[in-house]
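**Q** quick one: sequence and predicted model below, then my questions.
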Amino acid sequence: MKTPFLLNTVAAATVLGLTATSALAEEQASDDIETITIIGNSSNTLKVAGSAHVVTEEDLEEFKYSDVNRAMRQVPGVYIQLEDGLGLRPNIGLRGTGTSRTGRVSLMEDGVLIAPAPYAASSAYYFPTFDRITGIEVLKGPASIQYGPFTVGGAVNLISRQIPIEGQGQLKLEKGQHEELHGYFYYGDSFENFGYLVELNDHQTDGFKVIDRIGQDTGFEKRDQVVKLRFNTDSDASVYQQLDIKLQNSSEVSDQSYVGLTDADFGVDPYRMYGISAGDQFQGKHEQLVVSYYADLTESLDLHVTAYDNDFARNWYKTGKFYIEDSATPGTYNSVSWSSVIGEINTNPGSALANYYQSILDGADSGSDLIDKVDGNRSYMNRGVQARLDWNFTTGGAEHDLKLGLRAHEDDADRFQRRSYFTQENGQLVLSEAGIWGDAGNRIDSAEANSYYLIDTVSWGDWIFTPGVRYEDVELKREDWSSAPDREAQPSVRTNTVSEVLPGFGALWSINDTTSVLFGVNKGFAPPGSSADDQPEESWNYEMGLRFSGSQYNSELIAFFSDYDNLLGECTLANSGCDINNEGDKFNGGEAEVKGVELLVSGEFAENWPARFSYTFTETEFGSSFDSNVWGTVETGQPIPYIPENQAQLMLGYDNQTWSLLASINYMDELCTKPACGQFQKTEERTLVDLAAEYQVNDAVTFFATIENVTDEDTIVAREPYGARPDKPRTAKVGLKLNF
């Protein structure tokens, strides 16, 4: 993946690296930030009557992570299902929700839903380029009902860089192992009635896996450009008004496959890729337009209106299934998934069938048997308008912060896919049949949703109460042309509608200046699929906790419990248990329970010696028995997959503002990848250590270096999709930041 690197970035740095003069008033900068954040800053979390966490830009700069999975390990109650080791398509869950493709979390950027099609196809095959993210806000429990549609686990809001209040910029250059190159540039300025920001990002690597016999690397190249403009009235105008425009464009090319390894092959070389995955490649392009209007109508009344339009197109060309010719009926084939191939080798080593499968994985000729590749060609649309009216008033000795909000939203996922067939000859794939566009899926899933919420934050003496209610009204539709090469015929159509009232309530009692107690309850919801038989995911969620805010450290201990009436499952190829024909379908999983404890302690145990410790204990179980095409046969009492019982992170080090040396120690239990949790349905326990060092020469120049996975641990971190998968091996990089 060799291309000219950072030409645009360096050129932009030369042209735009100018000295700035004017600055806005502090209150204007504050207004701008308030339009895109949920919590605001980490100190505000202490006043939230519910579970809320902020990962600041300073936190993200500690280890210079370009992978959101690594950055979010510091937040308790967050679960990560690793897949590619590079963070390209994160799988994030909150408090026991499903992790696959972050499809059960209200994922936002700057307060705007960012999943490709949040209602119709919530799997996040697009995820914002994490290199340009400057903060993360995580809300769980009743604190999240303002930010649906997913209110079971909660919401994740990624904060992009904001227009600075005075002229400033940065050029960051990094060089790492596996031919990693990264360049990031931004410059922005604010004047009395206008502000702007230009942001460029270019990141590429050859990856850490190598495909058999090809010598091909498995990395990526990502490019991202952002332009922000702000127009505002004078700061002393009778009604302050502000219009923000955000334009974002990004592209990704990554040589990633769904094919993993057998356990035996993983034990020999975890970074090997079978030759059948040669040519597997993801190509994606994302464009976003956001226009936001803010008006400070009176001292007590504010209005926020945002219109957004996200367009995402991708084609993931990847290995799908193995087709074995029927010896009794030549010309007819029986298909088997590569997950089943690897399962047969794992569970029945030495059998005739396992030996044949292994020979194919090792490059033997396939004869008349075929290997398919699917062009997973899809385009997505996600657009809408959302508005919020904030009213602050005092009555009966209580201060009220009343928020009334609405959102009119529509999205769709358009699939027009093709399946090609290959034979394997002399260890190489040879095209046998190209296939016809549409033969691997020709359909449109769409949704229209109107949502409303009313939340009042009531401060009364030592108490804060947050009663609220959310209403979701969703219409879902699927138009399916089956495997037709066009859309001239009438499609089969199925529809589903759902309306839900979602109440929530939180309370915070400040016992004294340092200690408070919180309690919350809310009704959880996730939209169903387009089949009339699909029911929405519903639960009642409870939390109770204790917060302490001292002079040297802050701490929080929260117990949570989610009681599902209906847990939704979703069929994705990433789960390796479903067929492409029913990919995206959802099914009713019945009752389930999730309970656990979250602990977070952060501060300084001595001057210049920062430390942070987070820990999550979780226990899950299905409350009913059923059969599914994702999890197989599920029995009452079995655990929900990919939720570890114990996980923890400890960060500590030395930082005197001139130089720093920090260590991050991350532990995760083994976990079940299937409810049955058999021998080959578990990951392995692991402890990862990352190191980061930084030296600030002066206000303009900073050098840094990081080493991820210092001990080079190579355990199995996932088995989905299609076999055992590793995390990134020991990887070092060095870099330079120039501020101006």
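**A** Received the coordinates, thanks.
**Q** OK, contacts around the most centrally placed residue in the chain?
**A** Geometric centre of the chain, nearest residue: Pro90, 4.5 Å, by C-alpha atoms, centre = their mean. Residues near Pro90 by C-beta atoms under 8 Å, 6 or more residues apart in numbering: Val68, Asn69, Ile80, Thr102, Ala124, Phe127. Every C-beta, even on glycine, is put in place using the N, C-alpha and C of the backbone.
**Q** among these, the buried ones, what's the ChimeraX command?
**A** Remark: buried members of the contacts of Pro90, expressed as a ChimeraX selection using 16 or more other C-beta atoms under 10 Å:
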select :68,69,80,102,124,127
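**Q** could I get the contacts of Pro90 in TSV, plus columns for pLDDT?
**A** Listed next are the contacts of Pro90 as TSV, based on pLDDT from 0 to 100:
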residue	pLDDT
Val68	95
Asn69	94
Ile80	92
Thr102	90
Ala124	82
Phe127	94
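**Q** narrow the contacts of Pro90 to those in helices?
**A** Of the positions in those, Val68, Asn69 sit in helices, assigned by DSSP state H.
**Q** tell me the one of the contacts of Pro90 nearest Trp481?
**A** Ranked by distance to Trp481 (C-beta to C-beta), the contacts of Pro90 are led by Ala124 at 25.7 Å.
**Q** phi and psi next, for that closest one.
**A** Here is the backbone geometry of Ala124 (degrees, to the nearest 10): phi -90, psi 80.
**Q** relative to Asn382, how far out is it?
**A** Per C-beta to C-beta, to the nearest Å, Ala124 is found 11 Å from Asn382.
**Q** so where do the helices sit in the stretch 201-350 of the chain?
**A** Remark: helices assigned in the stretch 201-350 of the chain by DSSP state H, counting those that start in this stretch are 263-268, 338-347.
**Q** deepest of those, which one?
**A** Mean neighbour count (mean count of other C-beta atoms under 10 Å) peaks for helix 338-347 among those, with a mean of 21.
**Q** what residues are up against Thr457?
**A** Contact partners of Thr457, counting by C-beta under 8 Å, 6+ apart, are Ala49, His400, Asp401, Leu402, Lys403, Ile464, Phe465, Thr466.
**Q** rewinding a little: measure the residue nearest to the centre of the chain to Glu199 for me?
**A** 21 Å.
**Q** now do the strands in the stretch 151-300 of the chain.
**A** Here the stretch 151-300 of the chain has its strands, by DSSP state E, counting those that start in this stretch, at 154-160, 168-176, 180-190, 194-205, 210-211, 220-232, 240-254, 272-273, 281-296.
**Q** what packs against the last one?
**A** Contacting strand 281-296 under the criterion 3 or more C-beta pairs under 8 Å, 6 or more residues apart in numbering; DSSP states H and E are the following elements: helix 26-34, strand 240-254, strand 301-325.
**Q** may I see the buried residues of it?
**A** Those would be Gln281, Phe282, Gly284, Lys285, His286, Gln288, Val290, Val291, Ser292, Tyr294, Ala295, Asp296, for strand 281-296 by 16+ other C-beta under 10 Å.
**Q** now swap in stretch 235-248 and tell me
**A** Residues Tyr240, Gln241, Gln242, Asp244, Lys246, Gln248 are the ones in stretch 235-248 that count as buried (16+ other C-beta under 10 Å).
**Q** and if you look at stretch 309-323?
**A** Buried, per 16+ other C-beta under 10 Å, within stretch 309-323: 310, 312-323.
**Q** now stretch 184-201
**A** In stretch 184-201, counting by 16+ other C-beta under 10 Å, buried: 184-191, 193, 195-201.
**Q** dump that stretch to CSV, keeping only the CA atoms.
**A** Once non-C-alpha atoms are left out, stretch 184-201 reads as follows in CSV (Å, rounded to 0.1, in the frame of the first residue of the first chain):
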residue,chain,number,x,y,z
TYR,A,184,-2.0,15.0,11.1
PHE,A,185,-2.4,18.8,10.5
TYR,A,186,-4.9,21.4,11.7
TYR,A,187,-5.1,25.1,11.7
GLY,A,188,-7.9,27.4,12.8
ASP,A,189,-8.7,30.9,14.0
SER,A,190,-11.6,33.0,15.3
PHE,A,191,-12.4,36.6,14.6
GLU,A,192,-15.3,38.8,15.9
ASN,A,193,-18.0,37.3,13.6
PHE,A,194,-16.3,34.4,11.9
GLY,A,195,-14.2,31.3,12.7
TYR,A,196,-12.7,28.4,10.8
LEU,A,197,-10.8,25.2,11.1
VAL,A,198,-9.0,23.1,8.5
GLU,A,199,-8.0,19.5,9.4
LEU,A,200,-6.1,16.9,7.4
ASN,A,201,-5.2,13.3,8.4
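**Q** and it, what's its mean pLDDT?
**A** Stretch 184-201 shows a mean pLDDT of 97.
**Q** tell me how far it is from the chain's mean position?
**A** 26 Å (C-alpha atoms, centre = their mean, to the nearest Å).
**Q** and what of stretch 321-335?
**A** With C-alpha atoms, centre = their mean, you get 39 Å for stretch 321-335.
**Q** endpoints of that stretch, how far apart?
**A** With C-alpha to C-alpha, to the nearest Å as the measure, stretch 321-335 spans 6 Å from end to end.
**Q** what residues sit buried inside that stretch?
**A** Under the neighbour-count criterion of 16+ other C-beta under 10 Å, stretch 321-335 has Lys321, Phe322, Tyr323, Ile324, Glu325, Tyr333 buried.
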